[in-house]
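*Asks:* Test case, fold it:
(chains A, B and C, ligands or ions: 6)
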Amino acid sequence: MATELKIPEFKMAEEESGKWGMVIDMDICTGCQACVAACAMENNVPYVGEEDAAYGRSMHWIRTERFWEGEYPEVKMTEYQPMLCQQCGHAPCEPVCPAFATVQSQSEKLNLQVYNRCVGTRYCANNCPYQVRSFNWRDYQDSRERPEITILANQFNPDVTVRRRGVMEKCTFCIQRIHKAQDKAKSEGREVEDGEFTTACAQACPASAITFGRVDHHESLVVQLARSPRAEHHLEELGTLPRVTYLKGA
Amino acid sequence: MADNNKHTEQAHKSHEEHLRENHLMLDPMPRGEMNAMVMESMNTTSWKFWVVFGLLAAVVVYGLFYKWGVMIVEGLWVAGVNRPAYWGIFLVNTVFWIGISHAGTFISAILRVFKAEFRRPFTRAAELMTTFGLIQAGCSIFMHMGRVWLSYWLMPIPNQRELWPNFHSPLSWDLLAITTYLLSSTMYLFLPLIPDLAMARDKSTGWRKTFYRILALGFRGTEGEWTHLRNALSIFAFAIIPVMFSVHTIVSWDFAMATRPGWSSTVFGPYFVVGALHSGMGAVVMVLAVVRGTMKHMKYFIRPEHFEAIGKLMLIISMGWAYFFFNDYIVQWYGGDKWTKTLLHWHEAGP
Amino acid sequence: MSKQISRRDFLKLATAGAATTAVLTGCGPASRYVDREPYRKMPEYTYNGLSTYYATTCRECAAACGLVVRTMQGRAIKVEGNAGNPVNLGKTCARGQATLQGLYNPDRVENPTDQSNGSQMDWNAAIQIVSDALKNNDPSDIAFLMGMAPDHLFDLVSDLAQAIGAPAPVRFGALSMFESRATLGKAAENLLGQNGMPFFDLANADIVLSFGANFLETWLSPVAFTRDFAKMRRGNPKQRGYFIQFESRMSQTASKADEWIPLRPGTEGLVALAIGRLVAEAKGGTLPRAFASVDPLTVASDSGVKLETLEHIANLLLDAHHPLAIPGGAALGQSNGLSTAEAVLALNALVDNFGKPGGVSLSPLSPNQDTYHRPANAKEMTDFIAKMKSGSVKVLFVHGVNPVFELPSHFGFADALASVSQVVSFATFKDETAAVSNYVFPDHHGLESWGYQRTVTGTDQSVLSGAQPVVSPYFNTRATADVFIAAAQMAGGKFAEALPFADEVEFIQSKLAAFIGVEGSFTAPEINTFSAYFQQYGGWWTNVELTAPSASSALGRSVKVGGAEFEGNGEFYFLPFVSPTLGEAGANKPWLQELPDPTTTVMWNTWVEMNPETAHELHIENDDILEIVSEVGSVEAPVYLYPAIRPDVIAMPFGQGHTAYGQFAAGRGVNPADVLGVRFNEAGDLAFAGMKVEVNPTGRKQILSRLESRIGVYGEGLGEEH
Ligand SMILES: Nc1nc2c(c(=O)[nH]1)N[C@H]1C(S)=C(S)[C@@H](COP(=O)(O)OP(=O)(O)OC[C@H]3O[C@@H](n4cnc5c(=O)[nH]c(N)nc54)[C@H](O)[C@@H]3O)O[C@H]1N2
Ligand code: SF4
Ligand code: SF4
Ligand code: SF4
Ligand code: SF4
Ligand code: SF4
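*Replies:* Residues are numbered from 1 along each chain as shown, chains lettered A, B, ... in the order given. Ligands and ions are numbered 1, 2, ... in the order given. Okay, the predicted model is just below:
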């Protein structure tokens, strides 16, 4: 019996290649939050309200981090650093999930979150070095708990599952958009081209600080941008093989 | 009989006390009398016992049934957990109760192996504590889950969807380790209990007799039965020790294998085990104090000298624990990771 | 079968539209709306799993960004930028994204309401009331108060007012007040010869000095400016643009600056002149009049900016190929704001960037624009309020603005309303003004509406953004333009003649007719085709020559920047700023509330920013509630110890503090405008940054909801660690 089970293999870090990738230019990100709002609208991300947000239960799939250096008047703010799931090629969140609810997709080369399979142990969130996972501490999208959802829910994206309490979630690289583009390309008998579609955050970003595309096409924009001498990967030393590349400022 | 007792007590008082102080296991009373005392304490319960029982029962009803129910329906915000430490009280509880449970095995199995006879009066309390501590730890794991109604997905149950738990996850091993430990410690509790259950069966009436008869498994006290029982216990005592060590080592992996600064420490395995023994011994002392104070005749069996002996043991263990406590800091500091160092700085300086 | 094919064709068109801009939808009123159906009951033209995209215009601010809204079975699902619209080229800001939560908002006005008894009305009765109000009042007693958007309604109301002899409608929005629009316009008129927004070619500049302009937040056209900023920084692979912001508090815009110069409030103009003088001296030749009277050394001590810093900046300007200086925001919201704006424009003249790439030009006028469309400044608003108080306004129509909240309470708008016998609000939401109106005749949400909007600035093209309904109205609302048209018809006579249209769409077409045959983003031979394209592309735009103002005349003017005068004698300068995420009207959308403020990460509330060192001296800790007392009022809010603000300045975001406006807004935070006095600069704009206030700890605490963690997970305190 056990031999028939298809348990995903965890490959060595160096073996993992990518398919989709993102480059974020921190030098031009203005911290404007358009990406955050766009992601919330595209992915039915719940707002949690003032109290829960104060407790640290907000559910942004992407956030802009900024740090302070020095003291007035020599104070400086670091660049805004939009932080979202890095779609690690060697993701620390994956091996710790006892239910295989967060797994590396072999076909998409993405870190998947399978809401239906998640039992809510929150181990993955503890082990994500980027702290980009968010947990449904309540039934935020249930109109029985929140009557206002009845109307707000008209806006929900039918391509994206609405999550209920006890489930972990995170940025999916807008996988519903990837699938749409793939379906279209398949029906037209071709491959998805770089730049044919983009994620909600990249699409909204007024500074065009976010670029999304195919990292397996060597001439694609993301690959070219990632060659910049300004390029860096966050917490690379942990061996996570992040698929998001950041471009530092001057 | 009461008179007789009194007389004996008076006659031997000073000499006997002197002897008992030096020989913790010396029980000058005839076995039959002691059995009678034990049976009396089992059949008659003081009001104090019922007060303690009532309080605990209220806690169980309120906490386990009512509050847990609320949490299942409302979501885990009820537990006050949040980012960035997504675990909280329930995982801490799990670790804590597994730790508590270690004392039972330690006292009973290790001291049995080393033939430390003074353990006898309190092994049973300690073993019971192991079992109940583990049940408590298991409950905490379930309380901890966001969707507890799907907890069976963590079990390797063959199913047509070919869904299988992930054995790379320390959590899966936790579950297995705790289950193993629970089963073996229950058996280890039960085996030495058999002769006593037989005694209780012989000395009780009514529903109690039926109850004990079933549990005693027909034990009659023949030499053959005793030999088998002793052999079984010797094997178990040796076998359960590695299980005990492994279970808390595995629990420590939950943390040690995470990438989190402050968690990812190689010293966690033995540190957790020693810490468990330390807290477990402490818990035994507390349980004994309650049993001694609330149950009849227990002052006779559980004596200050026993507390002193456990105290010495705890002193030794706490030295070991102190070593690991500081070792944990030193090893992490020596590791030199930037974030761990920052964390250590906050440990000492506050936020 | 033929039906099948036509559906296929439709789908092809739909997908093509999705990829480029938008879908061509019906052009007559008969096919105005796509019905919202339950998912299980599919409209004939909707395919399961396929979206329909409509181009329209964002109405969350007046910048006129083009949108393409993805809809599914008659529901608006996602807002995307219209890549064809020259203003935003496919991008949006956060408020544009969240506009859907305004569309599907639990606190919309669902029916026409008679507020005297709270009862719902019939639309016919409502139109009757509007009609009677128009007909039965002396035209001079009728007043129209309009918001900054939409322009088509403003045009319709203007035409109506003109035809019946009523005073021209007044336009207002808190954003225009905090932008100091009137001041910039006046300065442009004085120095450049055109009253309007100058066009700052940020994208092609290599050194940018911004004097208080918060152009990455809410200022004029933030999406366009953000795009241009990105180009300035990284558009030229050989040189990274350098950006310096002069501001007493590090705003979100300043946080992107390479140098943030925390000068004393009110000295921005002096600093601009001092830099100009240093540049002029280095250049040699005669000192232009504008810079003749300033002494850099005195400016250095007045402003708190070191002389070396001024010299260093002057040197940067001298080395630059495309230097640019932008005046705006709080720097102009001072008693000396107009001269500050003039000084900064003169600096541009000095570095000789007029009409050049990376320099200052005159903004192209939008199609069918004239100066008459500009918003009222604060002074004109006080005149308007005085008129209301005097009782000479009998009926007031309010649309697109919430003056009870947006005007500083000390202006007394709410009190003045009591002197108006009939107040009719066309509010979409239950806002503060609607709450005290006699009638609320709700307009559709912007995404359910027809219309057009002129652009302010942000593009070098002349743009008219077009709006069309992307979904059918969710509630029993009606387009205000339709209400006016119907009311005018009902009133008959000159009223009917003023608005001789069947409906709003016909009115819009009458305005668009002027562009038939004109060279532009598309041309069409007749109106139906034109307006169909207008819908499909989300507007019409055309190339214009940018005109360069004359540098010599700008330099020839003498610019005298006096010291700014401050109202009150508290020890802190008070700096209100518009919340970058909420804007003036975002507080009713839960996701905007939950967006962390970019610089402080605070969500869902109002805070007071104070320098940590100052706070330490006053024994004030994070989250202590402070009372801010000015001459005219006081507010209380928890303090956020903000590392990048001058020790003598405290700042507060504008956007919260609603008493109505729905469950997400009401009773949350405070409105800093409540402590603002009535003092103007030379251009009639409110000197909103010209207050000095006292700060009293109340001894109470309120924990602010922040995304950053106090214990350092997000790095607080990491600065000194390594
Ligand atoms: N080429 C091809 N055609 C087939 C088949 C095939 O194998 N190949 N299979 C056939 C068979 S067996 C079947 S059953 C049919 C299935 O055909 P459909 O019933 O059309 O199945 P789906 O494509 O899954 O579409 C379901 C739609 O429901 C929406 N939806 C998702 N969740 C909800 C919800 O909670 N409420 C509502 N109201 N809507 C929701 C989704 O957006 C989706 O658009 O297809 C048949 N047609
Ligand atoms: S960023 Fe975090 S959640 Fe995303 S793949 Fe990496 S470890 Fe997993
Ligand atoms: S929370 Fe869900 S996804 Fe995360 S580890 Fe637990 S079961 Fe897996
Ligand atoms: S890629 Fe998609 S899911 Fe991820 S942050 Fe961006 S919008 Fe959200
Ligand atoms: S939308 Fe772009 S500029 Fe704005 S915060 Fe996100 S990444 Fe930065
Ligand atoms: S800048 Fe104004 S018009 Fe443009 S998207 Fe934002 S709110 Fe809408």
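
*Asks:* Tell me the first helix or strand C-terminal of the biggest helix by length in chain A.
*Replies:* Here the longest helix in chain A is taken by residue count, with DSSP state H as the criterion, and it is helix A:175-187. Sequence-wise, the next helix or strand downstream of helix A:175-187 (DSSP states H and E) is helix A:200-204.

*Asks:* any idea how far that next one is from the chain center?
*Replies:* Between the centre of helix A:200-204 and the centre of its host chain there is 12 Å, according to C-alpha atoms, centre = their mean, to the nearest Å.

*Asks:* Buried residues in that helix, which are they?
*Replies:* Using 16 or more other C-beta atoms under 10 Å in any protein chain shown as the burial criterion, the residues of helix A:200-204 that qualify are A:200-204. Yep, even glycine has a C-beta here, placed from its N, CA and C like the rest.

*Asks:* From the residues you listed, pick the one nearest residue A:93.
*Replies:* residue A:201 (20.0 Å; C-beta to C-beta).

*Asks:* CA-only coordinates of stretch C:183-191 in PDB, if you can.
*Replies:* What follows is the C-alpha trace of stretch C:183-191 in PDB, where atoms were taken according to Å, rounded to 0.1, in the frame of the first residue of the first chain:
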ATOM      1  CA  THR C 183      -2.200  79.000  -4.400                       C
ATOM      2  CA  LEU C 184      -0.300  77.100  -7.000                       C
ATOM      3  CA  GLY C 185      -2.700  78.200  -9.600                       C
ATOM      4  CA  LYS C 186      -2.400  81.900  -8.500                       C
ATOM      5  CA  ALA C 187       1.400  81.600  -8.500                       C
ATOM      6  CA  ALA C 188       1.400  80.200 -11.900                       C
ATOM      7  CA  GLU C 189      -0.800  83.000 -13.100                       C
ATOM      8  CA  ASN C 190       1.600  85.600 -11.500                       C
ATOM      9  CA  LEU C 191       4.800  84.000 -12.800                       C
END
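
*Asks:* Could you list the buried residues of that stretch?
*Replies:* Neighbour-count burial for stretch C:183-191, counted by 16+ other C-beta under 10 Å, picks out C:183-188, C:190-191.

*Asks:* Just those: which are in helices?
*Replies:* The subset of the buried residues of stretch C:183-191 located in helices under the criterion DSSP H comprises C:183-188, C:190-191.

*Asks:* Tell me which helix or strand residue B:235 sits in.
*Replies:* helix B:223-256.

*Asks:* Buried residues, that helix. List them.
*Replies:* Going by 16+ other C-beta under 10 Å, helix B:223-256 has these buried residues: B:225, B:229, B:233, B:236-237, B:240-241, B:243-256.

*Asks:* How about stretch C:112-125?
*Replies:* C:112-115, C:121, C:123.

*Asks:* Helices - which of the residues you listed land there?
*Replies:* Judged by DSSP H, helices contain the following of these: residue C:123.

*Asks:* among the buried residues of stretch C:112-125, which two are most distant?
*Replies:* Of all pairs drawn from the buried residues of stretch C:112-125, the widest gap by C-beta to C-beta lies between C:115 and C:123 and measures 16.2 Å.

*Asks:* Residue 241: neighbour count?
*Replies:* All of this refers to chain A. A count of neighbours around residue A:241, defined by other C-beta atoms under 10 Å in any protein chain shown, yields 19.

*Asks:* meant chain C, my bad for not saying
*Replies:* 25.

*Asks:* Pretty sure residue C:233 is one of the things it touches, is it not?
*Replies:* Yes. With contact taken as C-beta atoms under 8 Å, residue C:241 and residue C:233 are classed as touching, separated by 5.1 Å.

*Asks:* And the contacts of stretch B:316-327?
*Replies:* Applying C-beta atoms under 8 Å, 6 or more residues apart in numbering or on different chains, the set of residues contacting stretch B:316-327 from outside is B:267, B:270-271, B:274-275, B:277-278, B:281.

*Asks:* nearest residue to residue 169 other than its sequence neighbours?
*Replies:* Just going to use chain A. Counting by C-beta to C-beta, 6 or more residues apart in numbering or on different chains, the nearest residue to residue A:169 once its immediate chain neighbours are dropped is residue A:163, at 5.4 Å.

*Asks:* think we crossed wires, I meant chain B
*Replies:* The shortest distance from residue B:169 to any residue that is not its chain neighbour, by C-beta to C-beta, 6+ apart, is 4.1 Å, and that residue is residue A:98.

*Asks:* likewise residue B:108?
*Replies:* Counting by C-beta to C-beta, 6+ apart, the nearest residue to residue B:108 once its immediate chain neighbours are dropped is residue B:123, at 4.3 Å.

*Asks:* Would you quantify the distance from residue C:485 to chain B?
*Replies:* Separation of residue C:485 from chain B (C-beta to the nearest C-beta, to the nearest Å): 51 Å.

*Asks:* Please report the number of neighbouring residues for that residue.
*Replies:* Residues within reach of residue C:485, counting by other C-beta under 10 Å, total 25.

*Asks:* Pretty sure it sits against residue C:505.
*Replies:* No. Because the distance of 10.4 Å does not satisfy C-beta under 8 Å, residue C:485 is recorded as not touching residue C:505.

*Asks:* Closest to the centroid, which residue in chain A?
*Replies:* Note on chain A: the residue nearest the mean C-alpha position is residue A:171, at 2.8 Å, using C-alpha atoms, centre = their mean.
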